[in-house]
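Chemist: below are the sequence and a predicted model; questions follow.
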Amino acid sequence: MSAPMDEFAVQKVLAGDTSAFEEIVSRWQGPLINLAYRFCRDRSRAEDMAQEAFLRAYRSLGQWRRESAFSTWLFALATNLYCSELRRTPVKLVPLDETDEPQDGRSVHGCIEREDSERAVRNAVFALPARYREALILFYFHQMDVASTARSLSLPEGTVKARLSRGRDLLRIKLSRQTPGLLGRLHEQR
């Protein structure tokens, strides 16, 4: 779908038509900002990080070897940049025990309860160590498969699987201690 359009735009940019990069930006700006936001939870910072990712992509277009889709290469570049940026200037995290427990969310459709549950899970994910948090964000929030997550993090697939497993275990422990019954309710909602 967008792969041939991406390849054509890259070829045009490499041939000297720098305006063709606008096509790439317009196609991937939303997804890169969303990915950055899932890492930092700050819209302004996410936009800045995505802009930096596009700048680096532009400078590195000649390094794309076409062994994988352009989008995979772009997301790997962005993920590495976002991880580096967050190591340099970390997101202020609130300890899991200091986060609010979900409120009694009895509503007609259970929307409030679901929002509270989702918020508790997001807060728990953001309280995890970076190596588990990064893998979980890409796999679950950005809906990448294991292979794409591994490429984005420059890790072997086995390492990603192990981090996902350990991250899920840590989440189960944290969520069961903080909000008894939440895991059962989340499982019922799926």
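Modeler: Yep, that arrived. Residues are numbered from 1 along each chain as shown.

Chemist: going by C-alpha atoms from here, please, whenever you check contacts or count neighbours.
Modeler: Noted.

Chemist: domain map for the chain?
Modeler: 2-88, 96-189 (automatic domain parsing).

Chemist: what about the first one, how long is it end to end?
Modeler: End-to-end distance of domain 2-88: 33 Å, with CA to CA, to the nearest Å as the criterion.

Chemist: same check, this time on stretch 135-152
Modeler: 9 Å.

Chemist: from the chain's centre, how far out does it sit?
Modeler: Stretch 135-152 sits 7 Å away from the centroid of its parent chain (CA atoms, centre = their mean, to the nearest Å).

Chemist: quick one on the thing from earlier: switch the domains of the chain over to TSV; also include mean neighbour count and mean pLDDT.
Modeler: Formatted as TSV, the domains of the chain follow (neighbours: other CA atoms under 10 Å; pLDDT from 0 to 100):
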stretch	mean neighbour count	mean pLDDT
domain 2-88	16	90
domain 96-189	16	74
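
Chemist: against residue 14, how distant is residue 23?
Modeler: 14 Å.

Chemist: and if you look at residue 164?
Modeler: Look at residue 164 and residue 14: by CA to CA, they are 38 Å apart.

Chemist: with residue 41 instead?
Modeler: 34 Å.

Chemist: and residue 162, by the same measure?
Modeler: Counting by CA to CA - residue 162 and residue 14 are separated by 39 Å.

Chemist: now residue 83
Modeler: Taking CA to CA, one finds residue 83 at 28 Å from residue 14.

Chemist: swap in residue 131?
Modeler: Distance from residue 131 to residue 14, by CA to CA: 35 Å.

Chemist: now do the helices in the protein.
Modeler: For the chain, the helices defined by DSSP state H cover 2-14, 21-40, 43-60, 70-88, 111-126, 130-136, 146-153, 157-178, 182-189.

Chemist: which helices and strands does the fourth one pack with?
Modeler: Helix 70-88 is packed against helix 2-14, helix 21-40, helix 43-60, helix 146-153, with contacts defined by 3 or more CA pairs under 8 Å, 6 or more residues apart in numbering; DSSP states H and E.

Chemist: quick one: closest of these to residue 173.
Modeler: helix 21-40 (21.9 Å; CA to CA).

Chemist: how distant is that closest one from the center of its chain?
Modeler: With CA atoms, centre = their mean, you get 11 Å for helix 21-40.

Chemist: what do you get for stretch 147-159?
Modeler: 13 Å.

Chemist: start the count at 54 instead of 1 going forward.
Modeler: Sure, I'll start counting at 54 from here, so that last one is stretch 200-212.

Chemist: can you give me the end-to-end span of that stretch?
Modeler: Start-to-end span of stretch 200-212 (CA to CA) is 11 Å.

Chemist: neighbouring contacts of it?
Modeler: 125, 126, 128, 129, 130, 132, 133, 188, 191, 192, 199, 213 (CA atoms under 8 Å, 6 or more residues apart in numbering).

Chemist: kindly indicate which of those residues lies nearest residue 114.
Modeler: Once CA to CA is applied, the member of these that ends up nearest residue 114 is residue 126, at 9.7 Å.
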